[in-house]
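Engineer: Pasting the sequence and the predicted coordinates here, then a few questions.
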Amino acid sequence: MTEFSPVLQSKIDAISIKGKPTQMGALRFQNPLILAPMSAICNLPFRLLMQELGAGATVSELISCHGINYGNEKTLKMLKLHPREKNIGLQIFGEDTQAMARAAATCQEYGPDFIDINMGCPVRKVVTKGGGSALLKDTSKLSSFFKNIRKELSIPLTIKIRTGWDEEQLNAREIINIAAGEGIEFVAIHGRTRTQQYKGKANWQYLESLSDTSKLPLIGNGDLNTPEKVRERLASTTMDALMIGRGALRNPFIFLESQLAPSIFPHFSPADYWQVIERYYTYLSEFTERERTILVQLRKHIVWMASGFEGAATFRNLIFQTTAISDTLEVTRDYFLKLDQLGPVSKQLDCEKSFMAGGHG
């Protein structure tokens, strides 16, 4: 495994030891900052990387209950966990109670700390079949839905929802109450409706109001895309924890940087970003033997991590011209290390511009 340099590892360790352990029902996380499940992103390599870079817990990408029950090889591989993963949840989606219960029981055999039900994905192909955020529409079915899945498990069951189907149906409070009655451990809530998809602003006023009456621990999610925003929310939130998704794609150090004041945390340099990319490549190579898959995954994460740095647009064009992994890594190494030679540099991200608004689970 590619090791971090002593300098980078010391930065990581200095912040990690200051993390505040967070109790979420029967589960205890390293800190209150959790990696959100993102489709085609939160595979084993990325989860493990984010855990090492300060995430208090992680959740897998959404996994089809039907693919699990059919024994689909590609789907079952998505259930695989690394021996070093901890505080990890496997997230499943589907519309049929019995199929979800069977899939949850199979997931449990892979050794996660909890099973999570996806009730928030707004993507059409999931919703039209009755899964994801479609489950928010008819709450009369949820009690038996949760109960039948829960009885198949000896580990905690959790859910991730949205504020509601649309602005006229903000029913998260009702769903939390139903979940509490059926033994759900905690609820993560994305601050947008299904209709919003990933556009507009997360409704944090509504999210914060839910804590007043909730019998369950709550995790707030939405628009936490910079360390500054996460720190501000941590200082004022009534939520028990926060969930970070897209923010981690452009800043892999966001979990660490969010835990301390700007004047305290150590500066993460372009050279540090290069080390993170090397580590991610190592994990990708261990996880899959297909060079094309490695190349596609590697390039998109490299480009995301370069966002906001000087010359990122030119670098992006150059990266997508590379056709071999060795060339991709060489070009990337040159870019980040040359940036590093310029002295202390910081990212200049415009977080008001749309990023990954097409959907990711």
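Structural biologist: Received it, and whenever you're ready, just let me know what you need. Numbers count the residues shown, from 1 in each chain.
Engineer: how much space between residue 299 and residue 285?
Structural biologist: Distance from residue 299 to residue 285, counting by Cβ to Cβ, to the nearest Å: 14 Å. C-beta coordinates here come from the backbone N, C-alpha and C atoms, glycine included.
Engineer: starting at the chain centroid, how far to stretch 332-340?
Structural biologist: Put simply, stretch 332-340 sits 27 Å off its chain's centre (Cα atoms, centre = their mean, to the nearest Å).
Engineer: Could you give me the buried positions within it?
Structural biologist: Neighbour-count burial for stretch 332-340 flags 332, 335-336, 339-340 (criterion: 16 or more other Cβ atoms under 10 Å).
Engineer: Equivalent analysis for stretch 343-351, please.
Structural biologist: Taking 16+ other Cβ under 10 Å as the criterion, stretch 343-351 shows 347, 349 as buried.
Engineer: Mind checking the pLDDT average for that stretch?
Structural biologist: What stretch 343-351 shows for mean pLDDT is 78.
Engineer: and that stretch, how far apart are its ends?
Structural biologist: Chord length of stretch 343-351, first to last residue, is 24 Å (Cα to Cα, to the nearest Å).
Engineer: Kindly report the same for stretch 33-51.
Structural biologist: Taking Cα to Cα, stretch 33-51 runs 10 Å from one end to the other.
Engineer: what about it, average pLDDT?
Structural biologist: pLDDT averaged over stretch 33-51 gives 97.
Engineer: Check the buried residues of stretch 332-340 and tell me the two furthest apart.
Structural biologist: Distance extremes for those: the farthest pair is 332 and 340 at 12.5 Å, using Cβ to Cβ.
Engineer: what does the longest helix belonging to the chain rub up against?
Structural biologist: Longest helix in the chain, counting residues (DSSP state H): helix 270-287. Where contact means Cβ atoms under 8 Å, 6 or more residues apart in numbering, the residues beyond helix 270-287 that reach it are 1-2, 4-5, 8, 11, 43-46, 48-49, 52-53, 252-253, 293-294, 297-298, 301-302, 305-306, 309, 325, 329, 332-333, 336-337, 339-340, 345.
Engineer: after it comes which helix or strand?
Structural biologist: Next along the chain after helix 270-287, taking DSSP states H and E as the criterion, comes helix 291-306.
Engineer: quick one, that following helix and helix 270-287 angle?
Structural biologist: Interaxial angle, helix 291-306 versus helix 270-287 (axes from the mean of the first three to the mean of the last three Cα atoms, to 10 degrees): 160 degrees.
Engineer: Mind picking the one among the buried residues of stretch 332-340 that's closest to residue 220?
Structural biologist: Among the buried residues of stretch 332-340, residue 336 lies closest to residue 220 (Cβ to Cβ), at 32.7 Å.
Engineer: Against which helices or strands is the host helix or strand of that closest one packed?
Structural biologist: Assigned by DSSP H and E, residue 336 falls within helix 325-340. Packing partners of helix 325-340 (3 or more Cβ pairs under 8 Å, 6 or more residues apart in numbering; DSSP states H and E): helix 270-287, helix 291-306, helix 312-319.
Engineer: Run the chain-centre distance for it.
Structural biologist: Per Cα atoms, centre = their mean, the centroid offset for helix 325-340 relative to its chain is 26 Å.
Engineer: now it against helix 270-287, angle please.
Structural biologist: Orientation of helix 325-340 against helix 270-287 (the same axes, to 10 degrees) gives an angle of 160 degrees.
Engineer: Quick one: mean pLDDT for helix 325-340?
Structural biologist: Averaging pLDDT along helix 325-340 gives 96.
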